[in-house]
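here is the input, now give the coordinates:
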Amino acid sequence: MLSLLSLLVASGTVLRADTEEWTPLTYPDPRTNYTECNTWSNSTLCDPDHILTDQWRLQIHQNLNSLMEKLKMVNVEYTENAPFQCYDNPTSSLQLYVILAKRIQSAKNHTITELDLTKFGDGLVEQFGLKSLPCKNFLIFIGVEGAKIAYVRTGSDLKLPSDLMEHIFNKYNLFKAKNFMEVLSKIVTEIGERITESLDMAISAGNDTSPFVEDELLNMLSNITIEIPDNFTSMPQSSVTVPSLTPVWVYPLLTITTSLSTLSLILLLFSRRHNKKLKNINSMIATGTSMRSLQHRKGHKLFFKNPVSHNHNDNVSKKDPLFTI
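Sure thing, here's the model as predicted:
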């Protein structure tokens, strides 16, 4: 009886896994429910339907961890509209998720379309909290075995090669391969290689400009000719004039000083000339006192008295007409 009950429980578990139609609300998050995802803690792989064997599940888990560690060492490219949070923490790596399911819920019974897969992926982004991240740097790979299709959903802030997934999907036909688990592992590996390869190419392109600029500068410098005089080495040091810095206020002061000096010189010359002229006039007056008369000046009368003789017998007339003007 107990064995039959155990068989029924086990059969029910298998039946649930085979017939479960996952929705974004019911699908487990590997970061918080790794047991139901059949993986390990801090894993980004989820395989609740046991699509992978334990060996391949472990290998893909290790590939994801190795790839994300490698991405921490490179500068992930972001779009022009990416927020500043994407650059504040350069060690924050791109998060890669591998989500596997046998079936997902569809609008039409037993027919899973690309639209159903797109809605499922968008719903997982919201349920996992990736939509509310300040920097949306994630990539989710979704594989649905029952639909034989795969889907990739990337964060809006990531700048990835436009032909990345097209190239991978054209190269690998996941569910038509004989060993799709091996192909899935290769897809995960190549996604990481293509991302890091594009980053390495961008870095190399930036580094290639440096030698080019250096060569151009060397060519420019080699074309410059500097003429040096023949007697440059024999020139004494005293002959070399070193320009000095003169304050601006000195120039107006020099102009005012020069003007005052010129004005003083003019006044000095004028004063000397005037004194010399007065000296000549005084000399003329002193010389003219021995004369008997002065010339008549219009409008004025000048009288010079003849010395009075105390001798009344003097024959000289008291009134000399020569002194009357």
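
check contacts around Gly143.
Gly143 is in contact with Ile51, Val98, Ile99, Leu100, Ala101, Ala150, Tyr151, Leu174, Phe175, Leu184, counting by Cβ atoms under 8 Å, 6 or more residues apart in numbering. Quick note: C-beta positions are derived from backbone N, CA and C, even for glycine.

now, of those, which are buried?
Buried members of these, scored by 16 or more other Cβ atoms under 10 Å, are Ile51, Val98, Ile99, Leu100, Ala101, Ala150, Tyr151, Leu174, Leu184.

and the furthest pair within those?
Farthest apart among these by Cβ to Cβ are Ile51 and Tyr151. That separation is 15.3 Å.

ranges for the helices of this protein?
Taking DSSP state H, the helices of the chain run over residues 2-19, 54-71, 85-88, 114-127, 164-171, 180-222, 250-288.

where among these is average confidence lowest?
Of all those, the minimum mean pLDDT falls on helix 2-19 (a mean of 41).

what's the burial count for Asn38?
Asn38 has 20 neighbours, counted by other Cβ atoms under 10 Å.

okay, it: pLDDT?
Per-residue confidence at Asn38 stands at 97 (pLDDT).

mind checking how far it is from Pro24?
19 Å (Cβ to Cβ, to the nearest Å).

wait, what's in contact with Phe36?
For residue 36 the amino acid is Glu, not Phe. By Cβ under 8 Å, 6+ apart, the residues touching Glu36 are Pro28, Pro48.

what about Ser54, how many neighbours?
One thing to correct before we go on: residue 54 is Asp, not Ser. When neighbours are defined as other Cβ under 10 Å, Asp54 has 10 of them.

and what of Phe120?
Phe120 has 24 nearby residues by other Cβ under 10 Å.

list the contacts of it.
Counted by Cβ under 8 Å, 6+ apart, Phe120 has contacts Trp22, Thr23, Pro24, Ile104, Gln105, Ile142, Tyr151.

so which of those residues wins on neighbours?
Busiest of the contacts of Phe120 [other Cβ under 10 Å] is Ile104, holding 25 neighbours.

look up how far Pro28 lies from that one.
14 Å.

and Cys46, how many neighbours does it have?
Look at Cys46: counted by other Cβ under 10 Å, it has 23 neighbours.

that should have said Leu115, apologies.
Neighbours around Leu115, by other Cβ under 10 Å: 10.

wait, what's in contact with it?
Ala107.

for it, give its distance to Lys108.
Using Cβ to Cβ, Leu115 is found at 10 Å from Lys108.

who's in contact with the nearest residue to Tyr87 once chain neighbours are set aside?
Excluding its sequence neighbours, the residue lying closest to Tyr87 (Cβ to Cβ, 6 or more residues apart in numbering) is Tyr78, at 7.5 Å. Contacts for Tyr78 were tallied using Cβ under 8 Å, 6+ apart; they are Cys86, Tyr87, Cys135, Asn137, Asp157, Leu158, Lys159.

cool, and Trp40?
Tyr34, His61.

for the nearest residue to Cys135 once chain neighbours are set aside, grab the count of nearby residues.
Counting by Cβ to Cβ, 6+ apart, Cys135 lies nearest to Cys86, which is 3.9 Å off, once chain neighbours are set aside. The burial count assigned to Cys86 is 21, neighbours taken as other Cβ under 10 Å.
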